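1. Prediction below, plus the sequence it came from.
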Amino acid sequence: MSTTSEQLGQLEQDSSLSVNVRRLVCEVGLQDTDANSEHSDWHLYMTDEGTLQWEAFERVLHQSSSEGSHVSDYQTAVSRLAPVCRAVHAYLSQLSPAERRRKYSPHLTWTGYGQLFEECFDLLSTSDQTDRTLSLLQATAALERALGDVFLMNGTQCPSLLKDLLATRELTEIFGCTAMSCLHIVIGPPSSLNLRNIAWHGFLSPGEVPDMYVSFLLVVVTTLGEQTPFLYEVSHRTPLDLSPQLQQLQKVFPVLQVTDLPILRDVIHRTTFIQPSMMPYWEKALEKFSDQSYGHCLLLLLPQLEHGLRRVFAVVNNCPQRMLTAESSVLYTTFDEILSPTLQDGSTNHMSSELGDSYMEVLLDLLVHPEGPRVRDHASHGELDLTTIPAVLASHVLCVCLAFCVKYASTDTSVLSGTAFHVEQVVQRYKSLFHPTALLVQRVYSCLESMSTWLQVPRPSAGELKGDQPKPSEEVANNPDTMKAVSVVNAALHKVLPSHKPDSTLADLSAPNSWQSYETPMRACLCEPVKTVYRPRGELEMVSLLRHIMDNSQTASQNIQGTAEQRCELWRNRQLRSRQRENYARMLDSLQTIFNGLQLVVMVTVHHLLTLGDLSRIESSQKQKRKKFLKCTLQYVENLVSKTSMDQNKWDECRTLTSAAINRITEYYNDNNLTGHSASF
C-alpha cells in the first residue's frame, strides 16, 4: 500500500461540508420544527392542485415585487422558506404515485424533460437515501437546460453557469421575481443553499440534504409550467451527441459486463480512494449499471470520482481543509483545480507527479479537453439525454473509477482478478486521444490514408490523351527543386530522430510500390511519444496551425480524387467536350506535382510535430519565422482546396502554387538551419 493510500485511510471525515455550509444546509431550516403543524399548513402556500402561490411566498420572504429577485441574506431567507419546504414535502408524501402524476405531469412538459422529472419525484419517494441525491443531481441538470431554453426565447448567448443564468433579466421577466428568488435560495450562488453545486461536486453524503428542499425544487418546476402556459411552445436544444468521442473511447477498455460486477464490488471495498460514508453511492452505481440504467450510473459516479480525487489532492498538497466545501468567499476545490498545474497561490500542484502522465491523460481526456467527451460538464449542465446514455460511456467511467480504486488499494493488488488487473494495465499505458496534439497525429494518419488511395485512382493509359508525349509524372518525379526540398526536410527529421533515414523518398504515381517507401518512415515518426500534459499556450497555437494544414491537405486530396474519378468515367464514356478533355489532360499533367507538394507538407507537419518542445527554447524571432512559414503553408493548401474544387479545376495554377510552395520549403529549412536537438518533450 502506497504512502498516499495510507494517508487516505487515516483521514477522519464524517462530512465533506464545511461548518457554515453544513449549518445552513442541514440545520437552519430544521430549527424550531413543529411536527404537529407540518401536515396542516400546506394550503397556506399551495393551490388545491399542488402548485405554489407566489403571492404567499412574497409574504413569507418579506419581499415585494419591486425588490427584484435579489436575495441579500440567504441564512434569513432559508429560515423563512424552510417551513414552506416542510409543508410541500409533507403534501407530496401524502400523494399516491397516480395522484402525483395526474397533478404534476402536465406541468412538466415545458422542460423538455418531463419523463426525467417524473423519475425525480419517484426517486424522492423511496427509502434509499442515495436516491434523494440522484433525484437532486438529475433535477438540477435538467432544470438548468430547460431554463437555458427559456432564456433563448428572448436572449442570445446563454450563460454557462447556473447562478449567472438565474440572475438574467430575461428569466425574471418571464417567471417573476418571487419564483426566481426561490430558485436563488435553493440552487443559487455559493452563499445560498447551493444544492446543485454541492451535489454535483461530490460533497454530499447520503441523506445529508433534507428531503424537503428537493421536494420544494420539484414543485417549483411544476409551478413554473402551470403559471407560464406559453412555455409549452419553447424550442428545446438538441441533446449533445457524443458518438464521435465514444468511437474513440470504446477502444480503450472492454465494455464491462454484469458478470464483472462482483469483482468491482470487491475492489471498492478494498480501497482508501473511497470515503466510507460515500460507499452507498458506489454500491448504487453498480446496481444501476447492472439494471442497464446507465444515465443514473453516470450521475452517481462522476461526483464520487471528483470526491475521491479531491481527497488525493488534499493529501499530496498537504491541505486537508480543501476536502471540505469552501465558504462563499473561496472557490470550491473542483476538477478544474485538482487537474491544474498550479494551486491558487501559484505553487505547484503535486497531483501530476503523484498520478503520473497516463492517469492524468485519462482524466484530462474524459473531463477537460475541449474536443473530448467532457462528460461531467455536459451531464451536469443537462446537455446529455440521460435516457440514452450507452453502456460504453458508463463502462468507461466505471473503469476509470476502478483504476483509481486499484491505485489506492488498501490491500495487496497482486490478488486482483483479471478485470481489475487489465483495467489498471490499460491506464498505465494510456495515451491521450483528445489533446490537440494527439488529434494532430490522428489528422496526419488520416491524410496519409487519403493520399495512399491516389495510386488507385483510374486514369487513361499513357498516350491515350496526348499521343506519345512522355508522361509528366516521370519528369516531375526527377525535378531537382522537389528533390532539394525532400533532402532538407529529411535531414531535419534525421537530426530530430536519428532512426529516420535521410534518403527517404517521395512516392511516384507511376510506381505503386513506391508509396510504402514514403509512408513507412512517416508512420515511424508518428509512433514517437508526444507529451500532452500541461503544454504551454504557444505550443498549442502551433498545433492548431498544423491541424488546419492537415485538414486542408486532406480536403484537397479528396477533391482531386473525386474529380479524377469523375472525369475518367466521363472520358471513358466519351462524354467530355473538347475543352473538358483539355482540362482533364492538364489535371493529369499536374497530379504528380501536387502529390509531391502534399507529401512534402505532411513531412513538414511531422517535423514540426516532433519539434514542438523546442518552442520553449528558441528565441521569439525564430518562433515568429516558424509561425509565418506555417501560415504560408496553410495558405498554400487552402488555395489547393479552392482551386481543385469541382467548380474551378484550375490545374495550371495548382502546379504554379505547388512549385512555389516546394521552393519555399527548401528556402525555409536552409535559412533557419532547423536541427531539432531532441525528440523528447
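-> Sure, I can see it.
2. pLDDT weak spots in the protein?
-> When residues are selected by pLDDT under 70, those of the chain lie in 1, 32-40, 63-70, 326-330, 413-416, 462-478, 673-681.
3. Where is the longest helix in it?
-> Counting by DSSP state H, the longest helix found in the chain is helix 537-572.
4. helices or strands up against the helix or strand following that one?
-> The C-terminal neighbour of helix 537-572 among helices and strands, as given by DSSP states H and E, is helix 578-610. Packed against helix 578-610 by the contact rule (3 or more Cβ pairs under 8 Å, 6 or more residues apart in numbering; DSSP states H and E) you find helix 436-452, helix 472-477, helix 480-496, helix 514-526, helix 537-572, helix 620-643, helix 651-672. Bear in mind the C-beta positions are built from the backbone N, C-alpha and C, glycine included.
5. Identify the residues contacting R443.
-> R547, M550, D551, Q554 (Cβ atoms under 8 Å, 6 or more residues apart in numbering).
6. do H350 as well
-> When contacts are counted by Cβ under 8 Å, 6+ apart, H350 touches V316, N317.
7. quick one, what contacts T4?
-> Neighbouring residues of T4 by Cβ under 8 Å, 6+ apart: V312, V315, V316, E354, Y408.
8. Would you format the helices and strands packed on helix 578-610 as a markdown table with distance to E173 included?
-> Shown next, in a markdown table, are the helices and strands packed on helix 578-610 (distance: least, Cβ to Cβ, whole Å):
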| stretch | distance to E173 |
| --- | --- |
| helix 436-452 | 41 |
| helix 472-477 | 67 |
| helix 480-496 | 60 |
| helix 514-526 | 55 |
| helix 537-572 | 40 |
| helix 620-643 | 46 |
| helix 651-672 | 56 |
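9. between those, which gets nearest to T505?
-> Nearest to T505, of all the helices and strands packed on helix 578-610, is helix 514-526, at 5.8 Å by Cβ to Cβ.
10. thinking again about what came up before, list the helices and strands the longest helix of the chain packs on?
-> helix 436-452, helix 578-610, helix 620-643.
11. related to what we said a few turns ago, which of the contacts of T4 sit farthest apart?
-> Farthest pair in the contacts of T4 (Cβ to Cβ) is V316 and Y408. Separation: 11.4 Å.
12. thinking again about what came up before, tell me which of the helices and strands packed on helix 537-572 is the most buried.
-> Neighbour counts (mean count of other Cβ atoms under 10 Å) averaged over each of the helices and strands packed on helix 537-572 peak at helix 578-610, with a mean of 21.
13. can you give me the angle that helix makes with helix 537-572?
-> Angle between the axes of helix 578-610 and helix 537-572 is 160 degrees (criterion: axes from the mean of the first three to the mean of the last three Cα atoms, to 10 degrees).
14. Is W515 in contact with T453, as I believe?
-> No. Contact criterion Cβ atoms under 8 Å: W515 and T453 do not qualify, at 9.7 Å.
15. Between these two, point out the one with more neighbours.
-> The neighbour comparison of W515 against T453 (other Cβ atoms under 10 Å) goes to W515, with 20 against 12.
16. Please say which of V316 and Y408 ends up with more neighbours.
-> Using other Cβ under 10 Å as the criterion, V316 and Y408 rank with Y408 on top: 24 against 18.
17. which residues sit in contact with the more buried one?
-> Residues in contact with Y408 (Cβ under 8 Å, 6+ apart) are S2, T4, S5, L8, T271, T272, F273, V312.
18. Out of the helices and strands packed on helix 537-572, which gets nearest to V220?
-> Smallest distance to V220 across the helices and strands packed on helix 537-572 (Cβ to Cβ): 41.7 Å, for helix 436-452.
19. Please report how far I662 lies from Y636.
-> 10 Å (Cβ to Cβ, to the nearest Å).
20. Kindly report the same for G597.
-> When distance is defined by Cβ to Cβ, G597 is 8 Å away from Y636.
21. Overlap of the contact sets of these two?
-> L657, T658, A661.
22. Just put the residues you listed in TSV and tack on distance to R617 and neighbour count.
-> Listed next are the shared contacts of G597 and Y636 as TSV, based on distance: Cβ to Cβ, whole Å; neighbours: other Cβ atoms under 10 Å:
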residue	distance to R617	neighbour count
L657	33	20
T658	33	25
A661	28	24
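23. which of the residues in stretch 137-155 are buried?
-> 137-152 (16 or more other Cβ atoms under 10 Å).
24. now the end-to-end length of stretch 605-625.
-> For stretch 605-625, the separation between the terminal residues is 15 Å (Cα to Cα, to the nearest Å).
25. Contacts for that stretch, please.
-> Under Cβ under 8 Å, 6+ apart, the answer for stretch 605-625 is 437, 440-441, 444, 489, 492-493, 496-497, 522, 525-526, 528, 530-531, 535-536, 538-539, 542-543, 546, 549-550, 626, 630, 668, 672, 674, 676-681.
26. returning to that earlier point: out of the contacts of R443, which is most surrounded?
-> That'd be M550 among the contacts of R443, by other Cβ under 10 Å, with 26 neighbours.
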